[in-house]
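# Here is my input, please return the structure:
(4 chains)
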Amino acid sequence: MKRHVVVNGRSGTIEIEGSRLRYEREDGVVIEREFSLQGTSVLLNGRSYRVNRGAGKEVWVNGRLLSMEVFDPRDLRTGKGASANHGRQEIAASMPGKVIRVLVTAGDTVEEGQGLVVVEAMKMQNEMKSPKTGRVAEVRARLDATVGAGEILVIVE
Amino acid sequence: MKRHVVVNGRSGTIEIEGSRLRYEREDGVVIEREFSLQGTSVLLNGRSYRVNRGAGKEVWVNGRLLSMEVFDPRDLRTGKGASANHGRQEIAASMPGKVIRVLVTAGDTVEEGQGLVVVEAMKMQNEMKSPKTGRVAEVRARLDATVGAGEILVIVE
Amino acid sequence: MNVFSKVLVANRGEIAVRLVRALRELGISSIAAYSDADRGSLAVRLADEAAYVGPSPSSESYLRIDRIVDVAKRHGAQAIHPGYGFLSENAEFAEACAAAGIVFIGPPAEAIRKLGSKTAARQLAIAAGAPVVPGTERALSDWQEARAAADDLGYPVLLKAAAGGGGKGMRRVDRESDLKSALRDAASEAGRAFGNSEVYVEKLVEEPRHIEIQILGDHHGHLIHLGERECSIQRRHQKVIEECPSPLMGSHPELRERMGQAAVRVASAAGYANAGTVEFLVDRDANFYFLEVNTRLQVEHPVTELVTGLDLVEWQLKIAARERLTLRQSDITWRGSAIECRIYAEDPDHDFLPAPGRIVHLSEPSGPGVRLDSGIFEGWDVPLEYDPLLAKLAAWGPTREAAIRRLDRALSEYVLTGVRHNIAFFQEVLADAEFREGRLSTSFLDRFFERRKKTEADPEAEAAAALAIALSSSASSSPPAREMSRWLDSGREELLR
Amino acid sequence: MNVFSKVLVANRGEIAVRLVRALRELGISSIAAYSDADRGSLAVRLADEAAYVGPSPSSESYLRIDRIVDVAKRHGAQAIHPGYGFLSENAEFAEACAAAGIVFIGPPAEAIRKLGSKTAARQLAIAAGAPVVPGTERALSDWQEARAAADDLGYPVLLKAAAGGGGKGMRRVDRESDLKSALRDAASEAGRAFGNSEVYVEKLVEEPRHIEIQILGDHHGHLIHLGERECSIQRRHQKVIEECPSPLMGSHPELRERMGQAAVRVASAAGYANAGTVEFLVDRDANFYFLEVNTRLQVEHPVTELVTGLDLVEWQLKIAARERLTLRQSDITWRGSAIECRIYAEDPDHDFLPAPGRIVHLSEPSGPGVRLDSGIFEGWDVPLEYDPLLAKLAAWGPTREAAIRRLDRALSEYVLTGVRHNIAFFQEVLADAEFREGRLSTSFLDRFFERRKKTEADPEAEAAAALAIALSSSASSSPPAREMSRWLDSGREELLR
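Just a heads-up that it's a prediction; the model follows:
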């Protein structure tokens, strides 16, 4: 069994055969170990790790947070290409919260650093700013809506 | 919504309408309350109960154990009648454990109090005895098998 | 002891749980007030009764004096414990309780009023003989007056808005040549912020420690102190780590008694009763200056309880029931060392932005010397309406070092997923050499962030995680294309050859 | 402190977790030994490393000296902590460790041997001047000798098999007229059970308390005691509730020091080092009698830690590393009161039959004054191969009453489903008037069961449970017909009309 993984944005592969694993990172680091997995408990050559999933891509290993994605390489055939949206910028919520102000509407021209949407959570307000000067292509944020971290609020092009 | 319930062997009914419930026990006790349920937390007229399921029919309410079954009365049409196995006695494991001795085989005649099967768990041995003098109709217990509490080991008739 | 038979807990989160526990231990029925968001909270689960007080925003529920008093009456509560925050330092609320014939578990409304205003409290402290940061008593009329005052105090000084708060209209001045422009800026900022451009000048306390004294007094004129807590580890003026004793007491063993006596004098002057906290700044030479009084139970009260062996909530209840405080000052002893950290739903890697959400997995630490005051459970949705405090984890040990090691051990056991939190961040702080040496000040965290090294990714931990995820999710979802790197793309091309 | 850099924990369950925690706090790498059944245990999860020692039956894993020593060597452990039970009191194991160049964390093998035999330990205690239950030193040769001895001792007396154990060959004799037949019965039972029909006679201690003294000594001849634990609440000679101080100390304040000195004398005579426990019986008049020495860490050590503020495991490690015990007897102080109960997977309503199985739901108590030493987690399969101990829940309070109330509060928070357990049973015991008054003896539980009232079913709790189950299981399974009552049948007939 072979899987592609992306850990904290860095790519790699993991190969699992019987009770042996081989993990190779794009920076050339290679880990080969005997493993045992039971529930959330992983032993690698006898060393103990606790692995717990969080929300989304979050994985906690012995209390440390990793961002982790694992793909079956066979699934990649159906994946869309890494099409970059040239010039198009998606502005996402940097924390979960409630949309308490929407400062722009579609078609507005905005300057770099201009406030677009204000999200509030736990008594703290967070203003999402435009990363560039341009035109507001789309406003997805709706007033009083609850949004998750990473949810796209506005698109500027 | 109306359900039949059996609590610690005692029958009753519960009727739920909107946020009101009515619980009636066969001994005539009646409870009528406003309720609110969220997760494992139940409020009855503001009083707080935590209800957690255990294994099988076990339900724990604020740390106390109840045996509880809830049936939809409509399902009862398909239920088999309460056919009593006259004279037939099922001898069940009184605790979960491992069968370490099987002392009888089918066809044996046994006396009341005679040992049939020995189950061991947590360093304690428990001998299941025949409740009557009779003949061993069936031996379901197998040596070294792990059995659950209430699992039938032997049938004597 | 049955000082009351039923008490309303007018708060939420971990402190509501703390109060419900204390009530149960005393054989008193508890009623947990709850808003919509808190219907399924741990406090509601653990309380004997629960009472709905309104929609999720606290202005419509936990801050509504009328509703809180109303449910207390309807449920037959004889007293209300306000916890901290919300209505706990609201004199009107204390009076509304009294008017309804319900005991407010806290100081007299008058004491809350006297100590509620910072400038009034400062005057009261001066009158009681407690040291305050030296400075002008009134606003400066012109820059000559400011220069004379600054000369008297010695640089650096701090210009502060008379009507101020939150750092607005505040300027540090290091030398006379900067004074004029700083005064102008401060006055204009104060004018804009508060509609009042009056500014006064104080001696600047550089890299102060924040040390506070726990006090406890009854309604019969008896008031003592329970020693100090050091709360210098703060971010955005929010305490995150607290300890007792302060590491400063090692080199200044007489300081506790001197600060304690000053705190008792201030509180006595205000006619204080019940539990309270007198906050001080302490400078590098161990001079201390009165800051303010918190007229309620403090978030960080557990470290005092661990070291003194007293139960502050139990005493709050007894005192509110007009019992006498039977402890004399000489009865109070301090054993060992306790340290607490506040577990917040926040993201230490992204400027500590709050992180509400659902707790996916939770396994809490326990064992020797560990005290956890938690308000969460697996499956709980941490609401976005309130403060991000999830739990307080405290450890006790015979020495400060032992307490730190134990707290670090407990942090290492804590499994909490689904929301971002600061557990691993605390482990970094506890490992810091300056922290271990007790070299603390309110600017500790700023300097810590400057020297903080990004912890290197451990490839073995990554391999362990990849293994577990790969084997647990055979039905893995398709990858979001835009997150794949060029390297992966080339890998894919190889596979497809 | 780094007395060792790596230590093997040769045990399982809650005590393995306790040891892994202590090692982590001291910065020592831990290796958890595990059998097949324990591969996914909490100790394995929390340890730095884990080492397989064999199949589930303990005779093939935790009791295998060869395998334990072998994995210790292969993993580079410098020392082995045996916990309690298993190999902890095995002198051969201590010697095998030494032979392999590994430190056995416990007393010298010779001390284990000397104290391992009950009769040898009794002789040693007598020589050291510790009181033992009065009786004949050797077996009785005939009934005349028995009569003379019983006359000397005064009735009631106890006949005991010289080779005995487990109550076999034991007879209580209340009057001389019963002595002859009792002697005949005891001798014949002893002969059948042990192949040795020798019997001796002891004064019967009626309704004794079980009180034990914790001792701690180094390898440099320094040995002190840490006070007592009362462990009178037992079923089937198994302790279930332990406390410190013993309630007896209130009326007999000198007893701790007298028992402590006796314990120290016995242990010193045996050349003891490390932690150990000297057990005594105490009669109604507060006379105490040496019983035996447990040459290891005791299950109930947490109550001593809570009250003295010491960490016994830390001291075990330091002492094993040949450090000096720097505590003098006068350094030991006792603050407040602690009480512990042993949470077992067993069914109190069915003769305490063991109840292995999977933990379906677990929510553990915490908060002020609560210490939990647990070896389980949600989803864990409690194995059927080992002792049913799941966790130890202890509470500290300034007084015994406060500790009891707090323990009761913590028990009320404990949610543990999937296996039967004794949590609610403990709540009944803690509510018992005799228990609250501290009127304890080893026959307490027998008498408790006689006066125990079946708690009445609370119909509101039943309604709450029925509601939750009805609304959570819309897809309810068909009822097993044979469990329906006639009443339900008639109800059904009505429905079908």
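# rest of the way, CA atoms for contacts and neighbours
Fine.
# Give me the domain ranges for chain A.
Using automatic domain parsing, the domain parsing of chain A gives A:2-71, A:78-156.
# Now do the shortest one: distance to the chain's middle.
Per CA atoms, centre = their mean, to the nearest Å, the displacement of domain A:2-71 from the mean C-alpha position of its chain is 17 Å.
# Kindly report the same for the last one.
Remark: domain A:78-156 is offset 16 Å from the chain centroid, using CA atoms, centre = their mean.
# Next SSE downstream of the strand or helix carrying residue A:137?
For residue A:137, the host element (DSSP states H and E) is strand A:134-139. Under the assignment DSSP H and E, the closest C-terminal helix or strand after strand A:134-139 is strand A:146-147.
# Does anything pack onto the next helix or strand after that next one? Which helices or strands?
Next helix or strand after strand A:146-147 toward the C-terminus (DSSP H and E): strand A:152-156. Judged by 3 or more CA pairs under 8 Å, 6 or more residues apart in numbering or on different chains; DSSP states H and E, the packing partners of strand A:152-156 are strand A:89-92, strand A:115-121, strand A:134-139.
# Let's see that with 6 Å instead.
When contacts are defined as 3 or more CA pairs under 6 Å, 6 or more residues apart in numbering or on different chains; DSSP states H and E, strand A:152-156 packs onto strand A:89-92, strand A:134-139.
# quick one, the longest one and strand A:115-121 angle?
Between strand A:134-139 and strand A:115-121, the angle formed by their directions is 50 degrees, by axes from the mean of the first three to the mean of the last three CA atoms, to 10 degrees.
# what are the pairing partners of strand A:134-139, and which direction each?
With DSSP bridges as the test, strand A:134-139 is paired with strand A:109-110 (antiparallel), strand A:152-156 (antiparallel).
# Including mean neighbour count and mean pLDDT, could those go into TSV?
Output for the strands paired with strand A:134-139, formatted as TSV (neighbours: other CA atoms under 10 Å in any protein chain shown; pLDDT from 0 to 100):
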stretch	mean neighbour count	mean pLDDT
strand A:109-110	17	94
strand A:152-156	21	94
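# any idea of the mean pLDDT in the strand holding residue A:137?
Per-region confidence: strand A:134-139 scores 94 on mean pLDDT.
# For the nearest residue to residue C:204 once chain neighbours are set aside, list the residues it contacts.
Nearest residue to residue C:204, sequence neighbours excluded (CA to CA, 6 or more residues apart in numbering or on different chains): residue C:157, at 4.5 Å. The neighbourhood of residue C:157, defined by CA atoms under 6 Å, 6 or more residues apart in numbering or on different chains, consists of C:173, C:202-204.
# Distance of residue C:157 relative to chain D?
Using CA to the nearest CA, to the nearest Å, residue C:157 is found at 43 Å from chain D.
# Name the residues linked to that residue by a beta bridge.
On the basis of DSSP bridges, residue C:157 is bridged to residue C:173, residue C:203.
# Flag every buried residue along stretch C:344-356.
Going by neighbour count (16 or more other CA atoms under 10 Å in any protein chain shown), the buried part of stretch C:344-356 is C:344-348, C:352-356.
# now do stretch C:130-138
For stretch C:130-138, the neighbour count (16+ other CA under 10 Å) marks C:130-133, C:135-136 as buried.
# and it, how far out from the chain's middle?
25 Å.
# What segments of the stretch 51-200 of chain C are helices?
C:65-74, C:91-99, C:109-116, C:118-127, C:143-153, C:179-194 (DSSP state H, counting those that start in this stretch).
# Tell me which of the ones you listed sits nearest to residue C:282.
Evaluated over the helices of the stretch 51-200 of chain C, closeness to residue C:282 peaks at helix C:118-127, with 15.7 Å, by CA to CA.
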